[in-house]
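Visitor: Fold the following for me, if possible:
(one chain, ligands or ions: 3)
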Amino acid sequence: MSEERPGHSATTADVVAELRRRAAFVMVSHVKPDGDTLGAGLALGLALERIGKRVCYFQQDPVPRTLRFLPGAARVSRELPKDLPADALFVFCDMSDPARAGSFLPAPARENVLDIDHHLGNTLFGALNYVLPAECSTGTCVMHLLRGLNVEIDAEIATCVLTTIMTDTGGLMHSNTSPEALELAAALMRRGADKERITREIFGNKRVAATRLLGRVVGAMQFGHDGRYCWSCVDDATLAACDADGEDTEDMVNVLLGQEGVEVAALFKAYDGEVRVSLRSAGRVNVQAAAASLGGGGHFRAAGMEYAGALHEAVAAVDAALVAQGLSSRA
Ligand code: AMP
Ligand code: MN
Ligand code: MN
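Guide: Ligands and ions are numbered 1, 2, ... in the order given. Down below sits the predicted model:
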């Protein structure tokens with residue numbers, strides 16, 4: 001995989017040297033975890049353990065049902081060990097801002113923070129920031145480090161890294177599916193990565209409740225800007241009516257984006273006391289910029305935010321933010 005090191009990113013050699021220097025690590029994944037944040041942390045953590053390091057895995061939210069198959073997933077916890085050494089390195093994976101780790105994590109000193117990420121607009125919050133926006137997943141950033149560490153990529157580590165690729169490329173379909181990503185996926189399969197299992201657990205095997213919920217979301221689709229914008233909502237009542245929960249909404253926004261003529265899609269998730277928004281773009285409108293203008297972030301074609309206000313306000317604010325990024329009706 002080609003390496004891109006923008007001015008602000010540490011070199012692979014610098015990060016590898018720091019990983020070798022430290023003895024203890026806390027791998028940190030973001031709230032509402034996905035296969036990239038967790039897979040990247042587990043891949044690096046398992047590799048560090050193989051070379052004799054002490055590693056624990058912090059995640060505020062429970063491991064989603066679809067990711068419990070990941071090697072090491074059962075070790076994830078929202079508590080830190082009492083005897084954690086003072087110079088343990090906190091490795092934040094797949095987040096542009098440390099707030100994405102949630103409020104349970106006691107804020108580590110900056111000197112003990114390594115930030116590994118591929119988002120646009122990463123705030124470079126670590127003492128070391130390994131931020132490679134051209135990479136398709138945080139897991140492929142981790143792969144550069146594993147090569148630098150010269151650790152053997154066994155089947156477990158390979159499965160974790162392939163999960164990051166499959167998750168963030170939407171099963172090798174999104175535009176970030178580069179030839180390098182496909183070559184790496186092939187190499188990981190040769191190392192024993194269980195692609196069948198990843199496909200089944202993450203993309204297949206849907207709960208009936210999730211499919212019922214999808215029916216509701218599709219039934220409530222609304223179109224704007226001459227059919228270029230498609231949006232829908234899920235609230236507590238909708239979830240309850242389908243016997244579904246928040247995990248079942250994962251990826252539904254892509255169904256909205258997949259409708260003919262749609263350039264931008266939004267799924268408004270008003271449940272569990274929050275309003276969160278998932279945005280997707282077919283490639284013309286920068287949804288990362290729209291999300292960032294409302295306090296969120298992400299990538300050019302996939303972004304999100306939490307909205308501090310009512311659902312109808314979120315709908316209006318997101319519409320305005322998308323128009324500011326070029327979403328418009330036909331002339
Ligand atoms: P989602 O719609 O939750 O799948 O998120 C799409 C992308 O936006 C992912 O890359 C997330 O990391 C990013 N994202 C989602 N929510 C936020 C947020 N509150 N702040 C920053 N980035 C976010
Ligand atoms: Mn993520
Ligand atoms: Mn990612």
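Visitor: Quick one: name the residues of this protein near ligand 1.
Guide: Neighbours of ligand 1 within the chain, by Cβ under 6 Å from any ligand atom: 96, 100, 278, 296-299, 302-306. No exception for glycine: its C-beta is placed from N, CA and C like everyone else's.
Visitor: Now list the buried members of these.
Guide: 96, 100, 278, 296-299, 302-305 (16 or more other Cβ atoms under 10 Å).
Visitor: now stretch 237-248: mean pLDDT?
Guide: Stretch 237-248 shows a mean pLDDT of 98.
Visitor: from the middle of its chain, how far away would that stretch be?
Guide: 22 Å (Cα atoms, centre = their mean, to the nearest Å).
Visitor: ditto for stretch 156-170
Guide: Per Cα atoms, centre = their mean, the centroid offset for stretch 156-170 relative to its chain is 11 Å.
Visitor: For that stretch, C-alpha coordinates in PDB please.
Guide: Output of stretch 156-170 as PDB, limited to C-alpha atoms (Å, rounded to 0.1, in the frame of the first residue of the first chain):
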ATOM      1  CA  GLU A 156      -6.100 -13.500  13.900                       C
ATOM      2  CA  ILE A 157      -4.300 -10.200  13.100                       C
ATOM      3  CA  ALA A 158      -5.100 -10.700   9.400                       C
ATOM      4  CA  THR A 159      -8.800 -11.100  10.200                       C
ATOM      5  CA  CYS A 160      -8.800  -7.900  12.200                       C
ATOM      6  CA  VAL A 161      -7.100  -5.900   9.400                       C
ATOM      7  CA  LEU A 162      -9.400  -7.300   6.700                       C
ATOM      8  CA  THR A 163     -12.400  -6.400   8.800                       C
ATOM      9  CA  THR A 164     -11.200  -2.700   8.900                       C
ATOM     10  CA  ILE A 165     -10.900  -2.800   5.100                       C
ATOM     11  CA  MET A 166     -14.300  -4.500   4.500                       C
ATOM     12  CA  THR A 167     -16.000  -2.200   6.900                       C
ATOM     13  CA  ASP A 168     -14.700   1.100   5.600                       C
ATOM     14  CA  THR A 169     -15.000   0.200   1.900                       C
ATOM     15  CA  GLY A 170     -18.500  -1.100   2.400                       C
END
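Visitor: returning to that earlier point: just the residues of the chain next to ligand 1: which are in strands?
Guide: 278, 297-298, 302-306 (DSSP state E).
Visitor: closest to residue 105 among these?
Guide: residue 306 (17.2 Å; Cβ to Cβ).
Visitor: Show me which pair in the residues of the chain next to ligand 1 is furthest apart.
Guide: Taking Cβ to Cβ as the measure, those have their most distant pair in 299 and 306, spaced 17.2 Å apart.
Visitor: Tell me which stretches of the stretch 201-331 of the chain form helices.
Guide: 208-219, 236-242, 252-257, 287-292, 311-324 (DSSP state H, counting those that start in this stretch).
Visitor: Could you list the residues in contact with the third one?
Guide: When you say that, I think you mean helix 252-257. Counting by Cβ atoms under 8 Å, 6 or more residues apart in numbering, helix 252-257 makes contact with 170, 213-214, 217-218, 221, 230-232, 234, 262, 264-267, 278-282, all of which sit outside it.
Visitor: Quick check: PyMOL command selecting the buried ones in these.
Guide: Command for PyMOL that selects the buried part of those, burial taken from 16+ other Cβ under 10 Å:
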select buried, resi 170+213+214+217+221+230+231+232+234+262+264+265+266+267+278+279+280+281
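Visitor: thinking again about what came up before, make TSV out of the ones in strands among the residues of the chain next to ligand 1 and add distance to residue 59 and pLDDT.
Guide: TSV is the format used below for those (distance: Cβ to Cβ, whole Å; pLDDT from 0 to 100):
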residue	distance to residue 59	pLDDT
278	20	98
297	19	96
298	19	95
302	21	97
303	21	97
304	18	97
305	21	98
306	18	97
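Visitor: which one of the residues you listed sits closest to residue 35?
Guide: When those are compared against residue 35 (criterion: Cβ to Cβ), the nearest one is residue 302, at 13.6 Å.
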